[in-house]
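Engineer: next come a sequence and a model predicted from it.
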Amino acid sequence: MLDIELYSGAGGFAAGLGSAGFTPHRLYEVDHACCETLRYNSATAAPTISGVIHEEDICGKDWREFTGRVRILAAGVPCQPFSHAGKGVAAGDDRDMFPETMRAIRTLKPQVVIIENVAGLLRPSLREYFDYILLQLECPSMPPRTTSTWRRHHQRLVEHRRSARWDPEYLVQWRLLDAADFGVAQNRRRIIVVATASGLPAYRFPRPSHSQGALVRAQADGFYWRERGLPTSNRPSSSTQAQESGDLLPWRTVRDALDGLPEPASDPDSTDMNHWSIPGARPYRGHTASKLDWPSKTLKAGVHGVPGGENTFVDQHGCFRYYTLREAARVQTFPDSHIFIGSRADITRQIGNAVPCTLAEVIARPLWLCFQAGRAPCGANRLAASRPDLAAVR
């Protein structure tokens with residue numbers, strides 16, 4: 001069976017899927033610098049990702065070339081048409097890749113689809129389009145007509161759903177998750193959609209393992225500082241009230257994420273792990289730094305805000321500065337052995353656009369356990385029945 005990833009970027013999703021047990025066989029990405037990063041990290045003595053890297057635009061790609069069964073199709077669909085920093089016009093933006101994603105799903109008929117995107121899809125102006133995406137996933141075999149607008153196609157799907165003929169092909173679940181709640185040292189809110197072929201067990205999202213309340217409580221009672229060998233005088237004043245956290249772990253902080261890293265090198269030529277000082281950071285109103293003893297603010301891809309104001313923090317010496325690229329990669333939970341190729345702007349974009357590896361692993365783990373338990377064949381058989389070339393695959 002094949003595992004496929006679209007819009008692979010720098011490999012955060014692929015690395016997380018690999019940690020969960022899956023082995024992405026084919027990774028598709030159009031950006032050359034990202035592909036260089038993917039190639040490097042799949043060819044080292046201790047690769048962090050696996051699979052064949054396809055440097056190509058998938059628009060118009062003929063997916064009928066595949067003759068094997070597709071188990072997982074993962075897609076961190078480009079977010080620019082839906083992000084707060086973008087135009088926010090969804091289908092009106094020529095960078096919207098959901099139509100191409102749905103076309104791939106329609107042809108490949110994967111057993112499971114995992115999609116990641118920004119919380120901006122839940123804005124009132126975009127919510128109808130998000131509902132349209134979800135409905136397409138439930139019934140991908142009903143494609144849009146050539147001359148149809150997305151709204152007309154949406155209406156056709158709504159009417160079909162109300163009819164007696166409705167028989168969803170996928171069970172679709174989605175959640176808005178904060179990566180910090182799952183052990184990532186970053187407040188990063190993202191929509192995760194998981195669609196499982198009808199006949200497979202419905203996907204259940206994992207419960208959070210970490211919480212803000214637990215971190216506030218650990219800092220207030222001194223445990224956080226003692227555990228890290230720090231004086232309690234380091235404790236910041238905060239009006240945040242600890243909430244009930246049960247047996248959840250404290251949110252991981254920037255300090256936790258950067259633990260063990262050496263001091264940054266003075267220039268790129270002095271390090272082989274993307275870890276050098278970057279000058280020019282300065283605070284602006286609305287662009288304050290991340291705090292060392294709190295999860296990082298959401299890392300950006302380098303195209304937002306004002307020069308010098310994004311992806312900054314106050315380090316252990318009290319200095320306001322940029323994250324080094326390795327520090328940013330740590331915050332995104334990339335292993336230190338995962339090396340990024342390209343210019344600083346290229347790498348900033350690669351890291352900022354990535355799915356945190358840990359979050360991808362946590363999302364994929366229940367699916368891996370399901371496949372390992374042998375509960376997959378019933379759904380696969382139904383899909384294969386609608387596609388003769390898959391029916392013969394064992």
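Structural biologist: Received it, and whenever you're ready, just let me know what you need. Numbers count the residues shown, from 1 in each chain.
Engineer: can you give me the domain boundaries for this protein?
Structural biologist: Per the record, the chain has its domains at 2-208+355-391, 212-240, by automatic domain parsing.
Engineer: which pLDDT value goes with W294?
Structural biologist: In this model, W294 is scored at 98, pLDDT.
Engineer: JSON lines for the domains of the chain, including mean pLDDT and distance to R344?
Structural biologist: In this view, the C-beta of every residue, glycine as well, is placed from N, C-alpha and C. Below are those laid out as JSON lines (pLDDT from 0 to 100; distance: least, Cβ to Cβ, whole Å):
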{"stretch": "domain 2-208+355-391", "mean pLDDT": "90", "distance to R344": "11"}
{"stretch": "domain 212-240", "mean pLDDT": "84", "distance to R344": "31"}
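Engineer: among these, which is the most enclosed?
Structural biologist: Ranked by mean neighbour count, the domains of the chain are led by domain 2-208+355-391 with a mean of 18 (mean count of other Cβ atoms under 10 Å).
Engineer: and that domain, how far out from the chain middle?
Structural biologist: Relative to its chain's centre, domain 2-208+355-391 lies at 10 Å (Cα atoms, centre = their mean, to the nearest Å).
Engineer: do the same with stretch 352-368
Structural biologist: 6 Å.
Engineer: circling back to that earlier point, quick one: closest of the domains of the chain to M273.
Structural biologist: M273 lies closest to domain 2-208+355-391 among those, at 12.6 Å (Cβ to Cβ).
Engineer: any idea which of the domains of the chain gets closest to D256?
Structural biologist: Checking the domains of the chain against D256 by Cβ to Cβ gives domain 2-208+355-391 as the closest, at 5.6 Å.
Engineer: coming back round to it: rebuild the domains of the chain as JSON lines, extending it with distance to G318.
Structural biologist: Shown next, in JSON lines, are the domains of the chain (distance: least, Cβ to Cβ, whole Å):
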{"stretch": "domain 2-208+355-391", "distance to G318": "20"}
{"stretch": "domain 212-240", "distance to G318": "11"}
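Engineer: now do the helices in this protein.
Structural biologist: For the chain, applying DSSP state H gives helices covering 12-20, 32-43, 98-108, 124-138, 150-162, 212-220, 223-227, 254-258, 325-331, 344-352, 357-372, 377-385, 388-391.
Engineer: ok, the residue nearest in space to the middle of the chain to Y7 distance?
Structural biologist: Geometric centre of the chain, nearest residue: V355, 2.7 Å, by Cα atoms, centre = their mean. According to Cβ to Cβ, to the nearest Å, V355 stands 10 Å off from Y7.
Engineer: what is in contact with those two at once?
Structural biologist: Overlap of the contact sets of V355 and Y7 (by Cβ atoms under 8 Å, 6 or more residues apart in numbering) consists of G76.
Engineer: returning to what we had before: kindly reformat the helices of the chain as CSV containing distance to I53.
Structural biologist: Formatted as CSV, the helices of the chain follow (distance: least, Cβ to Cβ, whole Å):
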stretch, distance to I53
helix 12-20, 10
helix 32-43, 5
helix 98-108, 17
helix 124-138, 26
helix 150-162, 31
helix 212-220, 38
helix 223-227, 41
helix 254-258, 28
helix 325-331, 19
helix 344-352, 14
helix 357-372, 17
helix 377-385, 27
helix 388-391, 25
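Engineer: for the ones you listed, which one sits closest to A74?
Structural biologist: Of all the helices of the chain, helix 12-20 comes closest under Cβ to Cβ, at 5.4 Å.
Engineer: M97 touches P78, doesn't it?
Structural biologist: Yes: counting by Cβ atoms under 8 Å, P78 is a contact partner of M97 at 5.3 Å.
Engineer: give me the common contacts of these two.
Structural biologist: Listed as contacting both M97 and P78 by Cβ under 8 Å, 6+ apart are Y7.
Engineer: P366 and G68: what is the separation?
Structural biologist: P366 is 24 Å from G68, by Cβ to Cβ.
Engineer: could you do R151 as well?
Structural biologist: For R151 relative to G68 (Cβ to Cβ), the value is 36 Å.
Engineer: now swap in S8 and tell me
Structural biologist: Remark: distance between S8 and G68 (Cβ to Cβ) = 19 Å.
Engineer: span of stretch 206-224 from start to end?
Structural biologist: Terminal residues of stretch 206-224 are spaced 26 Å apart (Cα to Cα, to the nearest Å).
Engineer: what residue, apart from its backbone neighbours, is nearest Q136 spatially?
Structural biologist: Closest residue in space to Q136, ignoring its immediate chain neighbours: M102 at 5.2 Å, by Cβ to Cβ, 6 or more residues apart in numbering.
Engineer: thinking that neighbour is in contact with P140, fair?
Structural biologist: Yes: using Cβ under 8 Å, M102 is in contact with P140, at 6.2 Å.
Engineer: relative to L359, how far out is the closest residue to R188 other than its chain neighbours?
Structural biologist: Nearest non-adjacent residue to R188, counting by Cβ to Cβ, 6+ apart: A179, 4.1 Å away. Going from A179 to L359 by Cβ to Cβ gives 5 Å.
Engineer: same check on L126?
Structural biologist: Between L126 and L359 the computed distance is 22 Å (Cβ to Cβ).
Engineer: ok, R330 next?
Structural biologist: Here R330 is placed at a distance of 14 Å from L359 (Cβ to Cβ).
Engineer: any shared contact partners between A179 and L359?
Structural biologist: Counting by Cβ under 8 Å, 6+ apart, the shared contacts of A179 and L359 are 188, 190.
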